[in-house]
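Visitor: Please work out how this folds:
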Amino acid sequence: MKIRAMNMGFGAHVEEADLTALTQDDVDGLRTALLEHGLLVIRNQKLSPAGQVRMSEVFGTLETFAPGEGQLAEYPQIFRVASRPAEGHTNVGRYWHSDGSFRAEATPISIWYLVAQPDNGGETLFADLREAYTALPDERKPAIDGLITLHRNGIKHPLVMRHPATREPSLYFNVGLTGGVVGYTPEQFMALRTDLNEHLSRAGAAYVHHWREGDVVIADNFRVAHRATPISVDQHRILDRTTIQADGVYWGKAQI
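Guide: Numbering: from 1, shown residues only. Just a heads-up that it's a prediction; the model follows:
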């Protein structure tokens, strides 16, 4: 197995890997690479749903979904998104976010496996939250350090959080589900929301993943945000996602 860094400043390609037959050295390498690069892209895999579950478990204990919520009754660990309503959840996450930020103990890792490849459309964008914080003007940072965001369900998180394993600061913000900031008026919050969305969307900052059948993408949700792009029902895409529980992640409990 080889790890090849992307030229984005974050992310890496994992080459010559077989995720159905991981050795302990492979597991250690993947875990180390995820913390170093934040995003791993692995092509040409052949995973059954059971195989995806087993592979995902090398990163920790998996979250599970209620019957019907994840779409695969026999595999409650898998959340299925799709281009067609009969095959999975549609129109999911078309804004910058990290999965599970609506939880009091946020979801640390997401893992996707492409089951059916569309002819075109449906790319996923990924942005480096650590670099997003670093790229802010130094005079702006004191104004946002210490701010607490409010999700629409009442869950609070720091806007500038330190990664539970690396302790490096990043901008942790869910554009779609955050409804306010403690101490901010609605007008102040909307101005900040617009500004942060534009900052995460700035030219050249995102890695655009064009899905191929057999792709596996693994994201550290405290380091990398992602955003889905539209896909037509005329296209056929099925994408299975697993996520790691906050209290079961391999680097230790994910407190932010």
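Visitor: from here on, contacts and neighbour counts on C-alpha atoms
Guide: OK.
Visitor: Next one: Leu39 from Phe126, what distance?
Guide: 8 Å (Cα to Cα, to the nearest Å).
Visitor: Pick out whichever of these two has more residues nearby.
Guide: Neighbours were counted for Leu39 and for Phe126 using other Cα atoms under 10 Å; Leu39 has more, 29 against 25.
Visitor: Could I get the contacting residues of the more buried one?
Guide: Shown in contact with Leu39 (Cα atoms under 8 Å, 6 or more residues apart in numbering): Phe10, Gly11, Ala12, Val217, Ile218, Ala219, Asp220, Val224.
Visitor: quick one on the thing from earlier: overlap in contacts, Leu39 and Phe126.
Guide: Val224.
Visitor: any chance of the contacts of Leu39 in CSV, plus neighbour count, pLDDT and distance to Arg54?
Guide: Formatted as CSV, the contacts of Leu39 follow (neighbours: other Cα atoms under 10 Å; pLDDT from 0 to 100; distance: Cα to Cα, whole Å):
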residue, neighbour count, pLDDT, distance to Arg54
Phe10, 23, 98, 26
Gly11, 26, 98, 23
Ala12, 22, 98, 22
Val217, 20, 98, 15
Ile218, 23, 98, 14
Ala219, 26, 98, 17
Asp220, 24, 98, 18
Val224, 27, 98, 23
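Visitor: of all these, which comes closest to Thr185?
Guide: Minimum distance to Thr185 across these is 27.9 Å, recorded for Val224 (Cα to Cα).
Visitor: thinking the closest one is in contact with Leu125, fair?
Guide: No: with contacts counted by Cα atoms under 8 Å, Val224 stays clear of Leu125, the gap being 10.1 Å.
Visitor: Among the contacts of Leu39, which pair sits farthest apart?
Guide: Longest span within these, Cα to Cα: Phe10 and Val217, 13.5 Å.
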